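*Asks:* this one's structure only:
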C-alpha cells in the first residue's frame, strides 16, 4: 500500500510548466515562509522562513551546506565541461545526502569492503551526483582535480559511471533501465550468499542494495522485466529510489508517461512509499528509507517527488536543465537563489568536516565485520574457508578445468546443447559460485544444474534461476550478480536468435568487463521447421564484432568443454557459446588446448616441411563437412588441412607464431574455404571463399534446409576442388 510522507513546507509542485524563463508561483520563497508539521516524520526539523528572493531550503544550515556542496560540484563540473546533466543532481541532492550520510554502510578507504551496501545510479546520466558523493565522502578514486576533469579524455569521471574506470562504482550505467536490473542482480547475490553462509548465531552477509532510478528507467521495458522478478523473489534488501521529477529530454513526461508507477510496482509485489517533498524534507526521506529497511519480505520503491534543477530560477522544472550546462548567467542566479557564497569547486569547511566523519565510521564498520568473520571461521571452519577463498578472494580453485577436460574426452557425440548440459553439471559440484538459468527454455537449452534446486523466495540458497520470458532483464540481472564482486560465475540461456532481445545487456557485460557465460542454443538454420523468425543468420558476426566478447561455436564434446573452460576463467570477458539442436560428430583429433586458443589444426595430410594445397575451415556443425570433404579431396592427391576456428577472438589473441602455425601465409586466401551456416561477414580475414548464408532462413526439416543452402559434403568437395 502507498505510504505518503507529507512535506514540511508549502512548496509543492501542483503547477508545472515547461517554460524555461520567468519565476513561477511557489518557486521563490515569499517574505515569510509558511510551515506545516510533518505527519509521519518525527525527526524533521522545522523549516525556517527564507529571506525574500531566496529559496526555502531544509532549515538546517549544516545540511544545506552539505546538500549545496553536492549540487554545486555538479553545476561547476558540468559548466566547466560544457556537457552533462546537472538537473537531476540539483533535485536529488537532498535524498543522496540522506542516503550517504545517514543510511548507507560503506568504507570510503576500502571501496571493496565485502559487507558494504551497494549503490547503483540507474539514472546514469546524473553521474556527477555519484562523483560528487564519492569525492566528498573521501573515496581516493575521485579527487577534486578529477571532478574538474569531468567528461574529459582520460579522466576517471566519464559521462556515465563506469565500474572499470572508477574504483567504487559498482556497475556501469547509462542505458536507462539497465542499472535497476543490475541492482536486482546485486540483491539476488546478497540473498543467495546470506542463505548459503549465515547462521542463527553468525550473520556475515548483511547488506542492502540501493538504486536511484528516474522516469526514463521506469519507461524502459527492461526495468519491468527485472522488477517483476525481484518482487517474485521477495528481495527485501533491494530499495529503489525513484526520482519522480516528471521531466525527460522532450519535456514534461505528461506527453508520453502518465501511468501510476506506484500501483505498477505494487502489482509486481513491491512495497511502495511516497515522499511528497523530496526537495527539503530530509526527515521524510530518512523515515521512508528506514521504513523500507524494515520491510524484509519484498523490495521497496520509494517515490521521491523532486524539482529537477532545484535552485535554478529560470530553468528548474524544465527540460532545459536536464541535459545541458546551465550557462554562466544562470549559474550566478542559482548561487544567489540558494544563497551560495562560495567560488567554483569550493566546499565549506563545515561541510567538509561532516563528510569526513564517514571515514572513521566506515573503517570502524569494516573492523567490526572483520572481527565477526574471524569468529565465524572459528565456529564454522569449512564454510569460513570456502567464503574466504571464493567470496573474498574470488579464487575458484583448480578442480574445474581438469574435470572439464576429462568430460570432453569421455563424453560421446551428441547435439552440442546436450554436451553443454554435461559441462554445466561437470563444473557445478566444483564451482559452488556457478549460478544461472534460462528464459523459460530450460528444457530446450538444457541448463538445469541437477540437484541444486531453484532459487526462489523461500529457497534463495539454491542455484538454478528461473527468469521467465525476460531475456533482456535476465542478461542485466546476471551482470549485477557477476559484478557483486563475490566470485560468482553467472550464466544465462535462451535461443541464439533471442539475443536480439538482450543484446544491450550483453554489450554491457562486455563493456563492464563482467564474465557472464551466455548459453545460446538452436544456433543456426538447422533448427528447422520453426523457420526464419527463429533461425540466426547475422548473430555470430554481430557478436564477433563486439569488443571484449568471446564468441564460441564448438563442434564436439572436447570443444564444448574448452568453451566452458574459457567462460569460467574469463572473469573480465563474457563468453557466448552457440550450440546446436542437432547431433554433431566427435573427433579423436580435436584439442582442448587448441580450442581454448580459439583455433587449431584438426587434420592435415601435408608432408612435414611442405605447404598445404588448401585449407578447409569451419565451426560447429559444419566442421564435419570440412572433415569429410577433406578425406574425399585427398584421394585426388591434394594436401588438405582442416582447421577448426571455434572462437576467432581467442585465436587472434595468440601470438603471430601460433597463428602462422595454424593458417600459414604461404596458403593464400584464394586457397582457403570457410564453411558456416551463417553470414559470411568477417570470414574474409581468414578465407577468400565461403559456403555461408547471406539471406534469411526458411521453414523446413533441417536436412532439407542443409541441401537447400548447400551444406552437404558433396558441395564442399565441389567447392574445394575449384580452389
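*Replies:* Sure thing, it's come through. Computed from a prediction, not measured in an experiment: that's the story for all the values here.
*Asks:* so how far is residue 261 from the residue lying closest to residue 319 once chain neighbours are set aside?
*Replies:* Spatially, and ignoring its direct neighbours in sequence, residue 319 is nearest to residue 251 (4.8 Å; CB to CB, 6 or more residues apart in numbering). Yep, even glycine has a C-beta here, placed from its N, CA and C like the rest. From residue 251 across to residue 261, the span is 18 Å (CB to CB, to the nearest Å).
*Asks:* list the contacts for the closest residue to residue 469 other than its chain neighbours?
*Replies:* Leaving aside its sequence neighbours, residue 469 sits nearest to residue 440 (CB to CB, 6+ apart; 4.6 Å). If you count contacts by CB atoms under 8 Å, 6 or more residues apart in numbering, residue 440 has them with 466-469.
*Asks:* how about those in TSV, adding secondary structure and neighbour count?
*Replies:* As requested, these are arranged in TSV below (DSSP: H, G, I helix; E, B strand; the rest coil; neighbours: other CB atoms under 10 Å):
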residue	secondary structure	neighbour count
466	strand	16
467	coil	24
468	coil	16
469	coil	13
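*Asks:* looking at these, which is nearest residue 325?
*Replies:* Distance to residue 325, by CB to CB, is smallest for residue 467 among the contacts of residue 440, at 41.0 Å.
*Asks:* what's the burial count for the residue nearest to that closest one when sequence neighbours are not counted?
*Replies:* Excluding the flanking residues, the one nearest residue 467 by CB to CB, 6+ apart is residue 474, at 4.1 Å. By other CB atoms under 10 Å, 34 other residues sit near residue 474.
*Asks:* show me what the helix or strand encompassing residue 474 is packed up against.
*Replies:* In the assignment (DSSP states H and E), residue 474 maps to helix 471-482. Contact analysis of helix 471-482 by 3 or more CB pairs under 8 Å, 6 or more residues apart in numbering; DSSP states H and E lists helix 178-197, helix 221-233, strand 434-438, strand 489-495, helix 499-512 as its packing neighbours.
*Asks:* show me the strands paired with the helix or strand following the last one, marking each as parallel or antiparallel.
*Replies:* Towards the C-terminus, the helix or strand next in line after helix 499-512, according to DSSP H and E, is strand 517-521. The partner list of strand 517-521 in its sheet, established with DSSP bridges, is strand 489-495 (parallel), strand 575-578 (parallel).
*Asks:* list the buried residues in the first one.
*Replies:* Just to be clear, that refers to strand 489-495. Buried positions in strand 489-495, judged by neighbour count with 16 or more other CB atoms under 10 Å: 489-495.
*Asks:* any idea which helix or strand carries residue 419?
*Replies:* Taking DSSP H and E as the definition, residue 419 sits inside helix 416-427.
*Asks:* and that helix, what's its mean pLDDT?
*Replies:* Averaged across helix 416-427, pLDDT comes to 98.
*Asks:* repeat that for stretch 540-557.
*Replies:* 98.
*Asks:* buried sites along it?
*Replies:* 540-544, 546, 548-557.
*Asks:* wait, which of those is closest to residue 423?
*Replies:* Nearest to residue 423, judged by CB to CB, of these is residue 557 at 8.5 Å.
*Asks:* contact partners for the closest one?
*Replies:* Going by CB under 8 Å, 6+ apart, residue 557 touches 407-409, 411-414, 419, 422, 586.
*Asks:* any stretches of the stretch 151-300 of the chain with poor pLDDT?
*Replies:* Scanning the stretch 151-300 of the chain for pLDDT under 70 picks out no residues.
*Asks:* which parts of it are strands?
*Replies:* Applying DSSP state E, counting those that start in this stretch to the stretch 151-300 of the chain gives strands spanning 209-213, 238-244, 247-248, 251-252, 271-275, 300-305.
*Asks:* with distance to residue 562 and mean neighbour count added, can I get those in JSON lines?
*Replies:* Formatted as JSON lines, the strands of the stretch 151-300 of the chain follow (distance: least, CB to CB, whole Å; neighbours: other CB atoms under 10 Å):
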{"stretch": "strand 209-213", "distance to residue 562": "35", "mean neighbour count": "28"}
{"stretch": "strand 238-244", "distance to residue 562": "37", "mean neighbour count": "28"}
{"stretch": "strand 247-248", "distance to residue 562": "47", "mean neighbour count": "24"}
{"stretch": "strand 251-252", "distance to residue 562": "53", "mean neighbour count": "16"}
{"stretch": "strand 271-275", "distance to residue 562": "47", "mean neighbour count": "24"}
{"stretch": "strand 300-305", "distance to residue 562": "44", "mean neighbour count": "25"}
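*Asks:* out of these, which comes closest to residue 536?
*Replies:* strand 209-213 (32.7 Å).
*Asks:* which non-adjacent residue is nearest residue 622?
*Replies:* Among residues not flanking residue 622 along the chain, residue 675 sits closest, at 4.5 Å (CB to CB, 6+ apart).
*Asks:* for that neighbour, list each beta-bridge partner.
*Replies:* Bridge pairing for residue 675 - DSSP bridges - gives residue 618, residue 691.
*Asks:* so what's the residue count around it?
*Replies:* Counted with other CB under 10 Å, residues neighbouring residue 675 total 27.
*Asks:* am I right that it is in contact with residue 618?
*Replies:* Yes. Contact criterion CB atoms under 8 Å: residue 675 and residue 618 qualify, at 4.2 Å.
*Asks:* overlap of the contact sets of these two?
*Replies:* 625-626.
*Asks:* picking up where we left off before, how near is the residue nearest to residue 319 to residue 635?
*Replies:* Residue 251 is 73 Å from residue 635, where distance means CB to CB.
*Asks:* what sits closest to residue 66 if chain neighbours are left out?
*Replies:* Among residues not flanking residue 66 along the chain, residue 351 sits closest, at 4.7 Å (CB to CB, 6+ apart).
*Asks:* now do the buried residues in the helix holding residue 419.
*Replies:* For helix 416-427, using 16+ other CB under 10 Å, the buried residues are 416-427.
*Asks:* for residue 134, state which of those is nearest.
*Replies:* Nearest member of these to residue 134, counting by CB to CB, is residue 427, at 36.9 Å.
*Asks:* wait, what's in contact with the closest one?
*Replies:* Neighbouring residues of residue 427 by CB under 8 Å, 6+ apart: 400, 403-404, 434, 564, 568.
*Asks:* got a quick ChimeraX command for the buried subset of the contacts of residue 557?
*Replies:* Buried members of those, defined by 16+ other CB under 10 Å, are picked up in ChimeraX with:
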select :407,408,411,413,414,419,422,586
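*Asks:* how about the contacts of residue 557, which pair is most distant?
*Replies:* Maximum pairwise distance in these, criterion CB to CB, is 14.5 Å, between 409 and 414.
*Asks:* confirm residue 681 sits in a helix?
*Replies:* No. Using DSSP: H, G, I helix; E, B strand; the rest coil, the assignment for residue 681 is coil, not a helix.
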